[in-house]
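A.B. asks: Let's see this in three dimensions:
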Amino acid sequence: MLSAMKILWTADYPTKDELILLAPLKLFDTLLLKQIYAFSSINLQFIPNIDIKITGGYSPIIQHILNLSKSDLTSLRAKRLLFLDQVSSEDGSFL
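C.D. replies: A predicted model of the protein is given here:
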């Protein structure tokens, strides 16, 4: 489960919206990710019974980047940027 979160660069178990957003990047190369995506497409969700959420921010940055590419995701992962809070302050200015 954690490896799926690392590949997709999500803070929690991937939601249907995140899966739809990331589908064009063709990141679903493991059997687990393929099954999660297939189940999501028919409105079935697999929810783990342990809390695996990464804390430290409120808004996942991938939901705010238009036309997200695989290289964008790789760059965010390399810089360890997961939340929008890591690059902007409360007043909206960028750090």
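
A.B. asks: Please make it C-alpha for all contacts and neighbour counts, starting now.
C.D. replies: Noted.

A.B. asks: Which is the succeeding secondary structure element to the biggest helix by length in the chain?
C.D. replies: Determined from DSSP state H, the single longest helix within the chain is helix 31-41. Sequence order places helix 70-78 as the next helix or strand after helix 31-41, per DSSP states H and E.

A.B. asks: so how far is L27 from S71?
C.D. replies: 12 Å (Cα to Cα, to the nearest Å).

A.B. asks: Tell me who's in contact with the most centrally placed residue in the chain.
C.D. replies: Nearest to the geometric centre of the chain sits T10, at 2.6 Å (Cα atoms, centre = their mean). Counting by Cα atoms under 8 Å, 6 or more residues apart in numbering, T10 makes contact with 60, 82.

A.B. asks: Give me the local confidence score for it.
C.D. replies: pLDDT recorded at T10 is 79.

A.B. asks: just L95 next, same as before
C.D. replies: Confidence score, pLDDT, at L95: 52.

A.B. asks: Count the residues that sit near S75.
C.D. replies: 12 (other Cα atoms under 10 Å).

A.B. asks: I meant L31, not that one.
C.D. replies: Neighbours of L31 (other Cα under 10 Å): 9.

A.B. asks: Can you tell me how far it is from K79?
C.D. replies: From L31 to K79 the distance is 27 Å (Cα to Cα).

A.B. asks: and the residue nearest to L84 when sequence neighbours are not counted, what is it in contact with?
C.D. replies: Using Cα to Cα, 6 or more residues apart in numbering and skipping the chain neighbours, the partner closest in space to L84 is I61 (4.7 Å). I61 makes contact with 81-84, according to Cα under 8 Å, 6+ apart.
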